[in-house]
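> I would like to see how this sequence folds:
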Amino acid sequence: MKTRDVVVNVKEDEDARPIAVLVQVASQYESSVYINSGSRHVNAKSIMGMMSLALKNGEEVTVEADGNDEEQAADGIVDYLAGNLSMA
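Predicted coordinates for the structure are as follows:
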């Protein structure tokens with residue numbers, strides 16, 4: 001299992017779009033991917049779960065990935081959440 005801490009810095013062009021893109025990024029990996037915020041532990045591949053998390057820029061979260069491509073999954077999610085990965 002790989003874990004990475006990241007401060008959210010996602011470009012907010014439309015209400016749900018950043019969440020939808022995050023789910024798309026997470027879904028391209030075989031590994032299980034979770035976002036931990038406070039006491040919440042949410043599946044990053046679940047649009048409803050991620051919407052319920054209501055991430056805000058400046059918030060620090062932990063990305064948790066477990067599986068065959070966990071390193072790439074954790075890095076990919078961190079890159080997106082930190083604003084380093086454009087998915088236009």
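> just the strands in the chain please.
Along the chain, the segments classed as strands by DSSP state E run 2-7, 32-37, 40-43, 60-66.
> next, format the ones you listed as TSV and append mean pLDDT and mean neighbour count.
For the C-beta atoms, the positions are set from N, CA and C on the backbone; glycine is no exception. Converted to TSV, the strands of the chain look like this (pLDDT from 0 to 100; neighbours: other Cβ atoms under 10 Å):
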stretch	mean pLDDT	mean neighbour count
strand 2-7	97	15
strand 32-37	97	20
strand 40-43	97	15
strand 60-66	98	19
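> in this structure, what helix or strand scores lowest on average pLDDT?
Least confident helix or strand of the chain, by mean pLDDT, DSSP states H and E, is helix 17-27 with a mean of 92.
> so which elements touch that one?
Counting contacts by 3 or more Cβ pairs under 8 Å, 6 or more residues apart in numbering; DSSP states H and E, helix 17-27 is packed against helix 47-53, helix 70-81.
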